[in-house]
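K.L.:
Quick check, what structure comes out for this input:
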Amino acid sequence: MRKLHVVFLLICCCLKGMSQDKRSAQALDLAINDAHNSPEGRVLACVRQGEYFVNKPGRGPADLDSASLALKRGEFLKKQFDSHEADGELLFLAALISKQKGARDEGNRLNDLALTYLRKKPRSDFLGRALLEKGDYLDANDDKQHYEKIALLKEALPCFDSPGYVETRATVWKLLADTYQQREQVAGHIGLALDAYQRSMDTYFSYGYRNVQDIYIEMASLYRSLGDNQQGLHYCLMAVQTAERVADSSHTLCEIYNYTGIQYLLLLDLANAEKYLLQALTLAEKFKDESGCFMIENNLQTTYRRQKRFDKAKPLIERVSARFPKHDLQNQIWRNTFYLNYYNDIRDVADGRKYSEVLLQLLKDNSRDHFPDHGQEVYYALSAFYSVSHDFRKAYAYWDSLYVTMKRFFPSPAGEASRFKEHFQLDTASHALDSAVAYLLRYSNLRDSNFTASRAAQEANLRVLFDMQKKEYELADSRQEIQILTQNEQLHRANLKQAVATRNITIGFTIAVIIVSLLLYRMVRLYRKAVRKTAKTNSMLEKLVSEKEWLLKEIHHRVKNNLHTVICLLESQSAYLQEDALRAVEDSRRRIYAMSLIHQKLYEQEDVKTVDMSEYVDALVHYLQDSFDIKDRIDFRLAVASVSIDTSIAIPIGLLINEAVTNAIKYAFVDRKNGEIRISLSEENDKIVVIVADNGVGIDPAFLNNPTPSMGLRLIKGLTGDIGGSISFNTDHGTEIKLVCGRVLAEDEELRVDELLRNIPDDMEV
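P.N.:
Here you go, the predicted model:
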């Protein structure tokens, strides 16, 4: 367990850091120089500025000088305004500065003076911090000062009741619990410590802080002291879960694993004990914690002994001792002690002797006061070795040394009982039966008295917990009684309301049944009428759909015939035209044919809304070949997917293909006898992609950028804009025209059924 005075110092520093005003020194300067601020407020701003520099992270001598300057400014303002409201706070700051400069006695004296002023301001946060500072000057190992610390912490708690100090209050509760725990052998202190730890956790949880693994492990230790190992294991596992959840990689995690392993060892769950102790050892090796490694190894050796797995003990000794300098005194003591215990366990006197000799030499070369922490283990190992080797004279001698070391450095009834048990075992091995009986009686009597004292302490602790829980239950019962009376009154009112509501509901239900019956009767009549009307409507719709399809086909047929009439007229007119006019008429004729071909395809197929582009492009190309008579001169390569496209998109695409192919035939192969034109049409990601390319001479880029292009180029760009597409030209190795546009799927025309129904006479019969 960590030493309490170290914990006290660390937590006090933390508290002071948390309590500091988070405003910068510059902001505090504004408060100090603000003439509208009260004199006391300006002095307190000086004090807070001084605290800011004293507790500043990475504080240096310059920061202490700044704190002293803030103290002087506060004293000057106090004299200037003759204000004594903040005398206690100024003394508190002076005490902090003196302590940080190394003048602890002067700091203690000034802090005592500050308390005389601050106690006149109950629940002041400055009073709370001064009380915690006072506790830092007290010696935790002195009984009188120990209880004085407890009183100071209890007095400090109300000073941090405001919402801004929730975290500080939680930490003070934890500090109070740690102080109780230091004297856990005192009746009732374990119960008080458990209660304080629980309040600390509740306060932490109240503002969302959950990383309380250090509190869990302290509570586990207290329950182990009470003999409740199951509850101790529960809190150990809570500590493990919390530490692993927040990825705690500090030395605390090593302690948690070690305590958890010990708890499993006490419950004789040796597999889990080994698991957690090995994890603890790995972390101790990572932190190069020599004492921790040897203590954890000691626990692991105990685990292996109980498992009778002596084969694991020897590699463990090598693993730990190899981590530290071979000639280090502590390493030599532990290494040779562990090896001697190992050979004692397997009763190998020959191999164990060399380790006993090394330990004897270490005892000879070093003062026994240099390693009191290890003295008991050394003397125990030597006594056991000589007992195994039947040299009982030396075995008794080292038992005497073991007993003297225990009484001097680690006096405890439990330890003394263990020594008596060991002497009894030694007497039994040496056949000293009278002495064995005497020590067995002494062991039994001391064990019984220890058990009685332990039970009395447990009862006292449980009584404290019971009294505290009883008070909480009484308060809860009072609140519950008030709540029950309130609920009874509300229930009585609710019953009255329910009776009135039941009467009203009954009346309303009767009326509703009558209304619903009338509505149902009317709905049946309306339903029969609607059925007759629906049948008539369906018949009419079928007729309309049939007429619509016939009409659309007829329209496309007539449009196609009209366009062919226009083509014939243009052909007749072309007989009287020459050169440019003739070419214009021929171009117009081909464009009109491209459109008429669409209408021809529409009335020839069942679907009159979409055009199969594969059949259409094939027919268009054949027409152009015949029109220009180029079958032997230009080869066409078609890669047109069977895609059905709405007529609003198909007509512009047909015209665009017509223009691109016509231009290629007319201009791409001027100086060549043979050529190739490639036409592809595909669907990619709901887009229609049309490519018309030739291997001719290619279009001049300057012609493409001409602000007044030809009729064909204007028509291509205009058609692309009409269908919301994009057009691109590539003039490398010929001409490639690429169109990308949206694909409009044919949708069935929506029939306005509601209008049809309105137009059907209501008196119509089927």
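
K.L.:
Reduced to three states, what does Asp635 come out as?
P.N.:
strand (DSSP: H, G, I helix; E, B strand; the rest coil).

K.L.:
What number of neighbouring residues does it come out with?
P.N.:
Residues within reach of Asp635, counting by other CB atoms under 10 Å, total 13. Where C-beta positions appear, they are placed from N, C-alpha and C, glycine not excepted.

K.L.:
so where do the strands sit in the chain?
P.N.:
610-612, 634-640, 644-646, 675-684, 687-694, 726-730, 735-742 (DSSP state E).

K.L.:
Would you mind saying which of those lies nearest Asn366?
P.N.:
strand 675-684 (88.3 Å; CB to CB).

K.L.:
And the contacts of that closest one?
P.N.:
Here strand 675-684 makes contact (CB atoms under 8 Å, 6 or more residues apart in numbering) with 613-614, 617, 621, 633-641, 643, 653, 657, 661, 664-665, 668-669, 688-696, 743.

K.L.:
quick revisit: any chance of the strands of the chain in CSV with mean pLDDT and distance to Asp700 as columns?
P.N.:
Below are the strands of the chain laid out as CSV (pLDDT from 0 to 100; distance: least, CB to CB, whole Å):
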stretch, mean pLDDT, distance to Asp700
strand 610-612, 83, 34
strand 634-640, 90, 21
strand 644-646, 84, 32
strand 675-684, 91, 18
strand 687-694, 92, 15
strand 726-730, 90, 11
strand 735-742, 91, 10
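
K.L.:
which one of those lies closest to Ser401?
P.N.:
With CB to CB as the measure, strand 675-684 is the member of these nearest Ser401 (93.8 Å).

K.L.:
Run the chain-centre distance for the closest one.
P.N.:
56 Å (CA atoms, centre = their mean, to the nearest Å).

K.L.:
OK, contacts around Ser614?
P.N.:
Neighbouring residues of Ser614 by CB under 8 Å, 6+ apart: 640-643, 681.

K.L.:
right, I mislabeled it, should have said Asp161
P.N.:
Residues in contact with Asp161 (CB under 8 Å, 6+ apart) are 123, 169.

K.L.:
Could you report the pLDDT at it?
P.N.:
Asp161 carries a pLDDT score of 88 in this model.

K.L.:
Which parts of the stretch 401-550 of the chain are helices?
P.N.:
Taking DSSP state H, counting those that start in this stretch to define them, one finds helices in the stretch 401-550 of the chain at 413-430, 433-574.

K.L.:
Would you check how far apart the closest residue to Ile727 other than its chain neighbours and Leu739 are?
P.N.:
Leaving aside its sequence neighbours, Ile727 sits nearest to Thr720 (CB to CB, 6 or more residues apart in numbering; 4.4 Å). Distance of Thr720 to Leu739, computed by CB to CB, to the nearest Å: 6 Å.

K.L.:
tally of neighbours for Phe81?
P.N.:
Phe81 has 14 nearby residues by other CB under 10 Å.

K.L.:
let me redo that: Asp311
P.N.:
Applying other CB under 10 Å, I find that Asp311 has 9 neighbouring residues.

K.L.:
show me what contacts the residue nearest to Ile727?
P.N.:
Counted by CB under 8 Å, 6+ apart, Thr720 has contacts 652, 656, 726-727, 739, 741.

K.L.:
Leu127 and Lys121 touch, don't they?
P.N.:
Yes: proximity of Leu127 to Lys121 meets the contact threshold set by CB atoms under 8 Å, at 6.0 Å.

K.L.:
where do the contact lists of the two overlap?
P.N.:
With CB under 8 Å, 6+ apart as the test, Leu127 and Lys121 both reach Gly88.

K.L.:
ok, these two, which is more surrounded?
P.N.:
More crowded of Leu127 and Lys121, by other CB under 10 Å: Leu127, with 24 against 15.

K.L.:
Excluding chain neighbours, what is closest to that one?
P.N.:
That would be Leu118: by CB to CB, 6+ apart, it lies 4.1 Å from Leu127.

K.L.:
what's around that neighbour, how many residues?
P.N.:
Neighbour tally, Leu118, other CB under 10 Å: 24.

K.L.:
I figured it hits Glu133, correct?
P.N.:
No: proximity of Leu118 to Glu133 does not meet the contact threshold set by CB under 8 Å, at 10.8 Å.

K.L.:
Now do the shared contacts for these two.
P.N.:
What both Leu118 and Glu133 touch, as defined by CB under 8 Å, 6+ apart, is the set Phe92.

K.L.:
Pull the contacting residues for the closest residue in space to Gly128 that isn't next to it in sequence.
P.N.:
Excluding its sequence neighbours, the residue lying closest to Gly128 (CB to CB, 6+ apart) is Cys159, at 2.9 Å. Contacts for Cys159 (CB under 8 Å, 6+ apart) come out as 122-125, 127-129, 131, 165.
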